[in-house]
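Attaching a predicted model along with its sequence, questions to come.
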Amino acid sequence: METKLFSPFTIKNTTFKNRIVMSPMCMYSCHNEDGIVENWHKTHYTSRAIGQVGLIIIEATAVTPQGRISPNDLGIWSDDHIEGLKELTELMKEHGSATGIQLAHAGRKAVLEGEIIAPSPLSFNEQMKTPKEMSMEDIQDTVEAFKQGAVRAKQAGFDVIEIHGAHGYLINEFLSPLSNKRTDGYGGSAENRYRFLREVIDAIKSVWDGPLFVRISASDYHEEGMEAEDYVEMAHWMKEQGVDLIDCSSGAVVPARIHTYPGYQVPFAEKIKKEAEIPTGAVGLITSPIHAEEILQNDRADLIFIARELLRDPYWPRTAAVELGAQIQSPKQYERGWM
């Protein structure tokens, strides 16, 4: 039987050499608080490209200074960021990896000095700051910031853009009724709560013709929150707008106790893939190559997003190839060790 994990996958004008995706994970490593790529990022991401990851999506990258999760996040709010990001994409591409960037705004989960913004003036928990409710001008400015982030991502040479609509950050805050209590055109009904994301997608699509992903939190783990069924409807809307793949994570819009286990989020990816008829990515404690292969062979998702396991093993694709009996190309400098 053909090993599906190591089969290519094509979206639009971009082919990934295998189905392994490095999931975006914040590094909190911009020590000057300027959002500019540092040596750490070059070493960290290039190592995974040498390890033969098919698509590397770099960490949540803030479209405004106010949208950073922490002061040490990467940024894409200024043309000053392009040079470092371009060097980063070139380094990864030298080793055959496709490159992606996750455009993000932290919303009420920003841990920063000064004012933070959100759909509604509700803090995430008692320890965190209460945000300012976004005005229409704030909304328009933030949509424009996502658009300009996409322009800069293109200039930096990224192959894929992922919109961060998960984990309780700004877009997720608009989508969930737990964090969006607005009574205007951006709150209330599902269509209204989706409007901000709709505008972000349209703005990015006006300047970007490459593959476009959206990461979602497919369950809020709260009886009054969003569930996968709600996201099936929204996935239909995303598909109509030209989104190419839904990256299916879950949780973190409100504090919740989540029972985690290997593959606990895979049913979300499977449901949205089959019911919305759109490609999906599966993520969440997928560490075993056999497990990854099972997900793909049974058509439960199209791509496998690996997170912490790639922190532990930058060469996880080789580990997977050995276990699955697949042949993959090794860096010629490493052939003696990889044979």
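That came in fine, so what should we check first? Numbering: from 1, shown residues only.

Assess the claim that residue 121 and residue 132 are in contact.
Yes - at 6.5 Å, residue 121 counts as touching residue 132 under the criterion of CB atoms under 8 Å. Where you see a C-beta, it was placed from the backbone N, CA and C, and this is true even at glycine.

hey, where'd the helices end up in the stretch 201-339 of the chain?
In the stretch 201-339 of the chain, the segments counted as helices under DSSP state H, counting those that start in this stretch are 228-241, 266-276, 289-297, 308-312, 316-324, 335-338.

Residue 27 is nearest to which of those helices?
Of all those, it is helix 308-312 that lies closest to residue 27, at 10.1 Å by CB to CB.

For the closest one, what does the pLDDT average out to?
For helix 308-312, the mean pLDDT works out to 97.

going forward can the numbers begin at 799, since that is how I track them
Yep, numbering from 799; the last one is helix 1106-1110 now.

Which residues are in contact with residue 806?
813, 814, 815, 816 (CB atoms under 8 Å, 6 or more residues apart in numbering).

what number of residues lie near the nearest residue to the last one once chain neighbours are set aside?
It stands for residue 816. Excluding the flanking residues, the one nearest residue 816 by CB to CB, 6 or more residues apart in numbering is residue 852, at 3.9 Å. Per other CB atoms under 10 Å, the neighbour tally for residue 852 reads 24.

between the contacts of residue 806, which is closest to residue 1131?
In terms of CB to CB, no member of the contacts of residue 806 lies closer to residue 1131 than residue 815, at 18.3 Å.

Report pLDDT for the closest one.
Looking at residue 815, its pLDDT reads 97.

Name the residues that touch the longest helix anywhere in the chain?
As assigned by DSSP state H, the longest helix anywhere in the chain is helix 934-953. Here helix 934-953 makes contact (CB under 8 Å, 6+ apart) with 859, 861-862, 865, 874-875, 877, 879-880, 883-884, 899, 901, 903, 915, 930, 932, 959, 961, 968, 984, 994, 997-998, 1001-1002, 1004-1006, 1008.

hmm, 7 Å instead?
Defining contact as CB atoms under 7 Å, 6 or more residues apart in numbering, one finds that helix 934-953 is touched by 861-862, 874-875, 877, 879-880, 899, 901, 903, 915, 959, 984, 994, 997-998, 1001-1002, 1004-1006.

Distance of residue 1083 relative to residue 864?
32 Å (CB to CB, to the nearest Å).

Compare the two and say which is more crowded by neighbours.
The neighbour count for residue 1083 versus residue 864, taken as other CB under 10 Å, is higher for residue 864 (21 against 16).

Filter the contacts of helix 934-953 down to the buried ones.
Buried members of those, scored by 16 or more other CB atoms under 10 Å, are 861-862, 874-875, 879-880, 899, 901, 903, 915, 959, 984, 994, 997-998, 1001-1002, 1006.

Next step: those restricted to strands.
899, 901, 915, 959 (DSSP state E).

Quick one: closest of the helices of the stretch 999-1137 of the chain to residue 925.
Set against residue 925 and scored by CB to CB, the helices of the stretch 999-1137 of the chain come closest in helix 1106-1110, at 24.8 Å.

Give the buried residues for the helix or strand bottoming out on mean pLDDT in the chain.
Lowest on mean pLDDT, DSSP states H and E among the helices and strands of the chain sits helix 1133-1136, with a mean of 82. Residues of helix 1133-1136 classed as buried: residue 1136 (neighbour count, 16+ other CB under 10 Å).

residues making contact with that helix?
1116, 1128.

buried set for the longest helix of the chain?
For helix 934-953, using 16+ other CB under 10 Å, the buried residues are 937, 940-941, 943-952.

now stretch 1003-1016
For stretch 1003-1016, by 16+ other CB under 10 Å, it's 1003, 1006, 1008, 1009, 1010, 1011, 1012, 1013, 1014, 1015, 1016.

Tabulate those (TSV), appending pLDDT and distance to residue 1045.
Converted to TSV, those look like this (pLDDT from 0 to 100; distance: CB to CB, whole Å):
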residue	pLDDT	distance to residue 1045
1003	98	17
1006	98	17
1008	98	16
1009	98	12
1010	98	11
1011	98	5
1012	98	7
1013	98	4
1014	98	7
1015	98	10
1016	98	10
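
Please identify which of those residues is nearest to residue 1039.
Within the buried residues of stretch 1003-1016, proximity to residue 1039 (CB to CB) peaks at residue 1003, which comes in at 6.9 Å.

any idea how far the residue of the chain positioned farthest from its centre lies from residue 1128?
Outermost residue of the chain with respect to the C-alpha centroid, by CA atoms, centre = their mean, is residue 1134; its distance is 35.1 Å. Taking CB to CB as the criterion, residue 1134 is separated from residue 1128 by 9 Å.

again with residue 817
Counting by CB to CB, the gap from residue 817 to residue 1128 is 18 Å.
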